[in-house]
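**Student:** Just the structure for this:
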Amino acid sequence: MRFLRAVGVVVLLAIVIGGLAFYRVQRPYQGFTGTIYVELPRGTSTTGIAVELAKAGVIGGRWDFWLARLANRGHALQAGEYAFDHPASPMEVVSRIARGDIFYLELLVPEGRNMFDIGAAAEQLGVFKADDFVKAAQDPALIRDLDPKAPTLEGYLFPSTYRLGHRTTPAHLCGLMTDRFRAAWKSLNTDADVHDTVTLASLVEKEGKLEEERPLIAAVFANRQRLGMKLECDPTTIYAALLLGVYRGTIYRSDLDRDHPYNTYSHVGLPPGPIANPGIPSLTAALHPADSDALYFVRRPDDSGGHQFSGSLAAHTNAVEKYRRGLRQVR
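**Tutor:** The predicted structure follows:
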């Protein structure tokens, strides 16, 4: 009889303890306000994860996490940054980490953006200050082995979509972007000079809105280089102004006349480095310019984004006048 009573007591205790444990792992808890972010580095142990979550107020205590983890022991816990903005039970927290429900911010970098644009986009996302990114991008160390002449990382911050966390640093983003560039350059399977190719491609990227025209634009710049003519590429004057911090949103006569190494109106040949970050089509165009004797181009007076290409100054002058007439008609 005493034995049965003892067994009954043990069973009752087990039920009570089990019920309490079930209650604790299923009860939503919130020991924080607003939204918090918890970083779980790769290799963090279960105990380490529990400590970080308890410290942040996501769970009530380490044992709650351990109990929930026992119920989900068949699934690995994923490293990364996690966002918490509402009360959640330990079971829900463990389930999220096991699924790898990682928080990230998506940074879209289209082709043709420069380091100033990228910094501004990152700041708008709330990742870091634009000036901090520009400062990091001005150090060419990450690409020095591939391009010893690179003055900055401009041209090598490959256009793509990047997933960033709140703790992503400008240096880390630069590393991600230059790694993407290396992969893209390797896919082109070329032994061409990377510095001159990327620099030319950046000019093509800024001038060519239509992909099919980019080899023609590359041919114009290549032809002018061969003849010792100034490239007279408007985007280079804008970039020079950006580097000096004096760009006013449009090109003025003073910008065209400025004696700056990046201004191809005042200096013959390519600028010292890229003025933007080109994509694969512009890199391909720079590697394989069209077979053309064109030396000039001007935008057509329509909304196509296309250009009129000319092989002589007289033909170009006529094309420019046609463009101006077209603008007057539109106005």
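
**Student:** C-alpha only now, for contacts and for neighbours.
**Tutor:** OK.

**Student:** Now Gly34: which helix or strand?
**Tutor:** For Gly34, there is no helix or strand it lies in under DSSP states H and E.

**Student:** I meant Leu107, not that one.
**Tutor:** If you go by DSSP H and E, Leu107 is part of strand 105-109.

**Student:** other SSEs contacting that strand?
**Tutor:** helix 115-125, strand 160-164 (3 or more Cα pairs under 8 Å, 6 or more residues apart in numbering; DSSP states H and E).

**Student:** how about the strands of the stretch 1-150 of the chain, start to end?
**Tutor:** Along the stretch 1-150 of the chain, the segments classed as strands by DSSP state E, counting those that start in this stretch run 36-40, 80-84, 105-109.

**Student:** Averaging pLDDT per element, find the lowest-scoring helix or strand in this protein.
**Tutor:** helix 2-26 (a mean of 47; mean pLDDT, DSSP states H and E).

**Student:** And the strand holding Leu107, how far out from the chain middle?
**Tutor:** Strand 105-109 has its C-alpha centroid displaced from the chain centroid by 6 Å (Cα atoms, centre = their mean, to the nearest Å).

**Student:** Tell me how many other residues crowd the nearest residue to Ser266 once chain neighbours are set aside.
**Tutor:** Once flanking residues are discounted, Ser266 sits nearest to Asp259: 5.8 Å by Cα to Cα, 6 or more residues apart in numbering. Using other Cα atoms under 10 Å, Asp259 has 15 other residues around it.

**Student:** again with Thr178
**Tutor:** When neighbours are counted by other Cα under 10 Å, Thr178 registers 20.

**Student:** hang on, it packs against Tyr156?
**Tutor:** Yes: the pair Thr178 / Tyr156 is scored as a contact, 5.4 Å apart, by Cα atoms under 8 Å.

**Student:** Can you work out which residues contact both of these two?
**Tutor:** Taking Cα atoms under 8 Å, 6 or more residues apart in numbering as the contact rule, Thr178 and Tyr156 both touch Ile143.

**Student:** what helix or strand does Met177 sit in?
**Tutor:** helix 170-187.

**Student:** can you list the residues that contact that helix?
**Tutor:** The contact list for helix 170-187, computed with Cα under 8 Å, 6+ apart, reads 128, 132-133, 136-137, 142-143, 153, 156-159, 164, 280.

**Student:** And the helices in the stretch 151-300 of the chain?
**Tutor:** 170-187, 194-207, 214-226, 234-244, 253-257, 280-287 (DSSP state H, counting those that start in this stretch).

**Student:** Look at His288 and report its pLDDT.
**Tutor:** Per-residue confidence for His288 comes out at a pLDDT of 96.
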